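Trainee: Whatever this is, show me its structure:
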Amino acid sequence: MSTQTLLEELGFPEGPRWHTGRLWFSDFHHRKVRSVGLAGDVRVELEPDDVPSGLGWDPNGDLLVVSMVRRQLLRVGATTEIVADLSPWTVMGANDMAVDGRGRAYIGNFGYDFVSGEQPRPTALVLVDERGRAGPVTPAELICPNGIVVDERRRRVLVAETFEHRISVYELRDDGALTNRRVFAEFGEHVEPDGIAMDEQGEVWLATCSPEVLRVADGGAVTGRVDLSSGLNSYAVALGGDDGRTLFVCSAPGIDATEPGRGRIEVTRVATA
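Mentor: Coordinates of the predicted model:
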């Protein structure tokens, strides 16, 4: 299975979410939140004055955006407001985010300055609840918590630990707390799980920071594979389309900016929504 290019000449696309019939995503280097339809029609939805990262929506339909460098959570409605300051519990940059049906936001961060060669150290996932109260929702035990899925149906939250080469899973309590962490899937050093998305079977599609995307079951068995026809690296994924069976892949040659931008949104059809 391979992909087709839906959109190109992007800076670095990340944080994809299917919403209101369009794929929304952050374009890091161009400092824009964009959306694209299945026909390739693109819109600029927001131009923040910081690098945007994780995206979600609250129950009122307002857009929630992680402001990466300033390490803040923003709400965008009639105006843009700061919901929470994440800096006390994040290191280097706030990153991906998943928002549940109550508007509670689970947010990851790099945890250490890997760009400057700092040695890995664990950090916590941060929860911003529906009232805007922020704080760590896990112990400092995750290595670069990145892609996140809130699986309310199965009462769990999954977190990709990019530089620990694994996906961890927590039990989700009614109050939003996370408990009983265990390993969902573990990989060799050749796989760095970044963005993740869950299908209706409870299996996970994951970007690998390489030119392929994998589907894995609980326990780590690989049940699907997509090769990127562009040869670029996959950094984030989302499921969407009218039936939920379109797999969107955010790809780029690397995390460094290029001019013109070489990032893409690639798509393929998968068997399970």
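Trainee: neighbouring contacts of stretch 14-23?
Mentor: Here stretch 14-23 makes contact (Cβ atoms under 8 Å, 6 or more residues apart in numbering) with 24-28, 35-37, 43, 52-57, 66, 96-97, 195, 235-241, 244, 248, 250, 265. For glycine as for every other residue, the C-beta is placed from the backbone atoms N, C-alpha and C.
Trainee: ok, 7 Å please
Mentor: 24-26, 28, 35-37, 53-57, 96, 235-240, 248, 250, 265 (Cβ atoms under 7 Å, 6 or more residues apart in numbering).
Trainee: out of the residues you listed, which are buried?
Mentor: 24-26, 28, 35-36, 53-57, 96, 235-240, 248, 250, 265 (16 or more other Cβ atoms under 10 Å).
Trainee: Report how many residues lie close to Leu158.
Mentor: Look at Leu158: counted by other Cβ atoms under 10 Å, it has 24 neighbours.
Trainee: The closest residue to it other than its chain neighbours - how many residues pack around it?
Mentor: Leaving aside its sequence neighbours, Leu158 sits nearest to Val149 (Cβ to Cβ, 6 or more residues apart in numbering; 4.5 Å). The local packing of Val149 (other Cβ under 10 Å) involves 21 other residues.
Trainee: repeat for the one 5 residues further on
Mentor: The local packing of Arg154 (other Cβ under 10 Å) involves 13 other residues.
Trainee: quick one: contacts for it?
Mentor: With contacts defined as Cβ under 7 Å, 6+ apart, Arg154 is in contact with Gly202.
Trainee: Tell me how far it lies from Gln72.
Mentor: Distance of Arg154 to Gln72, computed by Cβ to Cβ, to the nearest Å: 30 Å.
Trainee: And for Val237?
Mentor: Val237 is 25 Å from Gln72, by Cβ to Cβ.
Trainee: Please apply the same query to Glu141.
Mentor: For Glu141 relative to Gln72 (Cβ to Cβ), the value is 24 Å.
Trainee: Name the residue in the two with the higher neighbour count.
Mentor: When neighbours are counted by other Cβ under 10 Å, Glu141 and Gln72 differ, and Gln72 comes out ahead with 19 against 13.
Trainee: how long is stretch 171-181 from one end to the other?
Mentor: End-to-end distance for stretch 171-181: 7 Å, by Cα to Cα, to the nearest Å.
Trainee: Phe163 belongs to a strand?
Mentor: No - checked against DSSP: H, G, I helix; E, B strand; the rest coil, Phe163 lies outside a strand; its state is helix.
Trainee: what about it, how many residues close to it?
Mentor: Phe163: 16 neighbours (other Cβ under 10 Å).
Trainee: cool, and Arg102?
Mentor: The number of residues near Arg102, taken as other Cβ under 10 Å, comes to 12.
Trainee: Thought Glu130 was touching it, still the case?
Mentor: Yes - here Arg102 reaches Glu130: they are 5.2 Å apart, a contact under Cβ atoms under 7 Å.
Trainee: what is in contact with those two at once?
Mentor: Shared contacts of Arg102 and Glu130, counting by Cβ under 7 Å, 6+ apart, come down to nothing at all.
Trainee: quick one: pLDDT of Met116?
Mentor: Quick fix: residue 116 is Ser, not Met. For Ser116, the pLDDT comes out at 80.
Trainee: ok so it is a helix residue?
Mentor: No - secondary structure of Ser116 (three-state DSSP): coil, not part of a helix.
Trainee: need the contact list for it.
Mentor: Per Cβ under 7 Å, 6+ apart, neighbours of Ser116: none.
Trainee: Tell me where the stretch 1-150 of the chain has strands.
Mentor: Secondary structure of the stretch 1-150 of the chain by DSSP state E, counting those that start in this stretch: the strands cover 4-10, 13-19, 22-27, 32-36, 42-46, 52-57, 63-67, 72-76, 80-85, 94-99, 105-109, 126-128, 134-136, 145-151.
Trainee: Throw the ones you listed into CSV and include mean pLDDT and distance to His165, thanks.
Mentor: Shown next, in CSV, are these (pLDDT from 0 to 100; distance: least, Cβ to Cβ, whole Å):
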stretch, mean pLDDT, distance to His165
strand 4-10, 97, 27
strand 13-19, 98, 20
strand 22-27, 98, 24
strand 32-36, 98, 30
strand 42-46, 97, 33
strand 52-57, 98, 21
strand 63-67, 98, 24
strand 72-76, 98, 28
strand 80-85, 97, 30
strand 94-99, 97, 17
strand 105-109, 97, 16
strand 126-128, 98, 22
strand 134-136, 98, 23
strand 145-151, 98, 12
